[in-house]
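Chemist: A structural model of the following input is requested.
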Amino acid sequence: MTSKPNVTSFFKILEVPHGKRQTLSVLKNPDLEPILKGNQTWGFWSNVAYWSVCAFSIGTWMGASAANTIGLTYGETVAAFCLGNFVAFLFTIANSYQGLNWKVGYTLSQRFVFGIYGSGFGILIRILMSIVNYGANAWLGGLCVNLILDSWSHHYLHLENTLPDNIAMTSKQVIGFMIFHVICALTYFMKPYKMNYLLIWSSFFSCFSMLGMVIYLAHKSGGVGHGFTVKENTVKGSDYNWNWVYMISYWFGSISSSATNQADFSRFANSKLTLWTGTFLGLMIPGTIVPLFGIVGLISTQKLYNEALWIPTDICEKWLFLDYNAKSRAAVFFCGISFTSALVGFTSSSCGFSGGMDLSGILPKYVNIFRGALITAAISFACQPWNFYNSSSIFLTVMSSFGIIMTPIISVMICDNFLIRKQQYSVSQAFIVKGEYYYTKGVNWKIGRAHV
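Modeler: Numbers count the residues shown, from 1 in each chain. Predicted coordinates for the structure are as follows:
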């Protein structure tokens with residue numbers, strides 16, 4: 001007789017925290033509501049940092065180094081990155097207006113476009129991308145954490161691997177991976193709109209660490225010299241043209257998931273001008289300079305160590321293995337701190353918080369951004385990110401695949417906003433099951449066909 005009240009009480013306890021004047025439903029919780037005016041605090045530097053922290057994470061350095069296998073010259077590789085950044089900028093700005101004008105995130109944008117129930121399609125895809133990206137970035141973050149620990153302990157640098165040889169990771173990598181997850185989890189106690197300070201400072205420190213690495217490597221190797229121009233095309237004709245397309249699509253694909261849910265963060269902007277200019281500079285300048293750093297690092301390590309090192313953490317560990325002295329330990333420590341902070345900022349904002357926002361749209365009564373971010377982090381283990389970096393070709397394939405999945409969603413969102421809706425939406429109707437966005441049984445089948 002008392003089982004029903006007990007079950008009701010149990011689910012009541014599981015509900016997300018909310019104020020007395022706030023309501024919960026199958027479509028609504030406080031995190032899904034339009035952002036308050038007082039929280040629209042992201043100015044120019046905040047928007048620059050949101051995009052530059054992606055470039056100043058070691059994944060961008062690795063991307064340019066890995067692209068060495070494609071067959072383009074070094075100069076052409078950098079140019080392809082630059083074009084990819086410009087394409088990403090156009091898509092990002094065009095997809096930012098739901099957040100700018102109506103102060104709502106990606107979840108409500110999906111309801112506008114695909115319908116109350118149809119929105120689950122786009123939200124679930126974005127959740128999956130957040131999980132995969134989270135795992136990939138967390139694995140790199142673990143490598144950066146290990147730099148800090150390596151600089152502290154010679155014993156840890158040479159820590160014996162106790163895992164079987166058929167597992168594509170070592171005991172050290174597992175330790176770093178777990179520590180990085182804990183660090184990221186701590187950031188979720190912040191509100192997403194307060195992440196901008198972490199993004200600004202982590203971008204700043206990572207930028208100068210990368211710059212210092214490049215200067216040191218170029219100096220020790222006697223300068224890049226003709227190394228930057230000596231490489232010739234290894235492909236001709238149509239293959240050469242397709243390699244250009246591949247490189248542009250690879251780089252756009254690697255950041256397309258952030259462009260897709262741009263509304264989640266454009267709603268924090270305090271003006272259109274700061275969003276536009278900050279996004280442009282944050283994408284174009286760091287996104288072009290860091291690939292150049294990666295190529296210089298590749299050329300320099302080939303000259304210095306007779307080994308082309310394409311992962312920055314491998315370069316830092318090389319310094320420690322060659323000479324474990326105070327100078328090398330200090331350099332590796334500061335590189336580890338700055339690279340870790342950049343990846344914490346990037347992973348938390350673009351994967352953790354984004355995944356949390358999306359999951360809160362699936363189960364609003366029981367999942368808010370905080371809980372959703374932790375769920376995203378926990379599930380990211382399942383994608384086995386340690387297999388993504390076995391070779392440069394696997395890395396490029398994984399990163400480029402994201403654009404194939406996300407670009408159709410971005411495209412239909414932009415077309416719906418500008419061509420069909422003319423930027424006019426009714427936000428309140430997005431919280432009503434059989435309201436304006438119910439369409440046909442909750443799904444906008446016309447947009448669904450266009451997406452396919």
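Chemist: Helix, strand, or coil at the spatially most central residue of the chain?
Modeler: Against the mean C-alpha coordinate of the chain, by Cα atoms, centre = their mean, the closest residue is Ser350 at 4.3 Å. Assigned by DSSP: H, G, I helix; E, B strand; the rest coil, the conformation of Ser350 is helix.
Chemist: Check it and give its pLDDT.
Modeler: For Ser350, the pLDDT comes out at 91.
Chemist: That one against Ser256, yeah?
Modeler: No. Judged on Cβ atoms under 8 Å, Ser350 makes no contact with Ser256 at a distance of 11.2 Å. Just so you know, the C-beta spots here come from the backbone N, C-alpha and C atoms, and that holds for glycine as well.
Chemist: which residues touch the residue lying closest to the residue nearest to the centre of the chain once chain neighbours are set aside?
Modeler: Counting by Cβ to Cβ, 6 or more residues apart in numbering, Ser350 lies nearest to Ser258, which is 4.9 Å off, once chain neighbours are set aside. Shown in contact with Ser258 (Cβ atoms under 8 Å, 6 or more residues apart in numbering): Trp51, Cys54, Thr92, Ser350, Ser354.
Chemist: Of these, which belong to helices?
Modeler: Among the contacts of Ser258, the ones falling in helices (DSSP state H) are Trp51, Cys54, Thr92, Ser354.
Chemist: how much space between Ala185 and Thr347?
Modeler: Noted for Ala185: a distance of 11 Å to Thr347, by Cβ to Cβ, to the nearest Å.
Chemist: So the two - more neighbours on which side?
Modeler: Taking neighbours as other Cβ atoms under 10 Å, Ala185 and Thr347 compare with Thr347 leading, 30 against 16.
Chemist: element containing the closest residue to the more buried one other than its chain neighbours?
Modeler: The spatial neighbour of Thr347 that comes closest, neighbours along the chain excluded (Cβ to Cβ, 6+ apart), is Asn137 at 4.2 Å. Remark: Asn137 resides in helix 119-152, with elements defined by DSSP states H and E.
Chemist: Check the average confidence over that helix, would you?
Modeler: Throughout helix 119-152, pLDDT has a mean value of 93.
Chemist: Which helix or which strand is home to Tyr117?
Modeler: Per DSSP H and E, there is no helix or strand for Tyr117.
Chemist: Quick one: residues contacting it.
Modeler: Here Tyr117 is in contact with Lys441, Gly442, Val443 (Cβ under 8 Å, 6+ apart).
Chemist: My understanding was that the second one contacts Ile116; is that so?
Modeler: Yes. Here Gly442 reaches Ile116: they are 4.6 Å apart, a contact under Cβ under 8 Å.
Chemist: Compare the two (neighbour count), which wins?
Modeler: Between Gly442 and Ile116, counted using other Cβ under 10 Å, Ile116 has the larger neighbour count: 25 against 17.
Chemist: ok, the more buried one - contacts?
Modeler: Leu27, Ala430, Val433, Gly435, Tyr437, Tyr438, Tyr439, Gly442.
Chemist: Check which helices and strands the one helix or strand Leu90 maps to sits against.
Modeler: Counting by DSSP H and E, the element that carries Leu90 is helix 74-94. Judged by 3 or more Cβ pairs under 8 Å, 6 or more residues apart in numbering; DSSP states H and E, the packing partners of helix 74-94 are helix 58-66, helix 227-230, helix 237-260, helix 272-284, helix 286-305, helix 392-415.
Chemist: Please identify the deepest-packed of these.
Modeler: Mean neighbour count (mean count of other Cβ atoms under 10 Å) peaks for helix 58-66 among the helices and strands packed on helix 74-94, with a mean of 26.
Chemist: If you compare the directions of that one and helix 119-152, what angle comes out?
Modeler: Relative orientation of helix 58-66 with respect to helix 119-152: 90 degrees, computed using axes from the mean of the first three to the mean of the last three Cα atoms, to 10 degrees.
Chemist: Now do helix 58-66: everything it contacts.
Modeler: Contacts to helix 58-66, defined as Cβ under 8 Å, 6+ apart, come from residues 54, 77-78, 81, 136-137, 140, 143-144, 210, 250-251, 254, 286-287, 290-295, 297-298, 308-313, 339, 342-343, 389, 392-393, 395-396, 399.
Chemist: With stretch 317-332 instead?
Modeler: Contact partners of stretch 317-332, identified using Cβ under 8 Å, 6+ apart, comprise Leu147, Asp150, Ser151, Trp152, His154, Leu157, Gly212, Tyr216, Thr301, Tyr305, Leu309, Cys316.
Chemist: Check stretch 155-168 too.
Modeler: Here stretch 155-168 makes contact (Cβ under 8 Å, 6+ apart) with 146, 149-150, 169-172, 174, 317, 320-321, 324, 386-387, 390.
Chemist: just to revisit the earlier point, next helix or strand past the helix holding Asn137?
Modeler: Taking DSSP H and E, what comes next after helix 119-152 is helix 154-157.
Chemist: Next, the buried residues of that following helix.
Modeler: Judged by neighbour count (16 or more other Cβ atoms under 10 Å), helix 154-157 contains these buried residues: Leu157.
Chemist: buried residues in the helix or strand just after it?
Modeler: Downstream of helix 154-157, the first helix or strand assigned by DSSP H and E is helix 171-187. Neighbour counts using 16+ other Cβ under 10 Å place 172-177, 179-181, 183-185, 187 of helix 171-187 among the buried residues.
Chemist: can you list those residues in TSV and add pLDDT and distance to Ile200?
Modeler: Compiled in TSV, the buried residues of helix 171-187 are given as follows (pLDDT from 0 to 100; distance: Cβ to Cβ, whole Å):
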residue	pLDDT	distance to Ile200
Lys172	93	31
Gln173	92	29
Val174	93	31
Ile175	95	29
Gly176	95	25
Phe177	94	26
Ile179	96	24
Phe180	97	21
His181	96	23
Ile183	97	18
Cys184	96	18
Ala185	96	21
Thr187	96	14
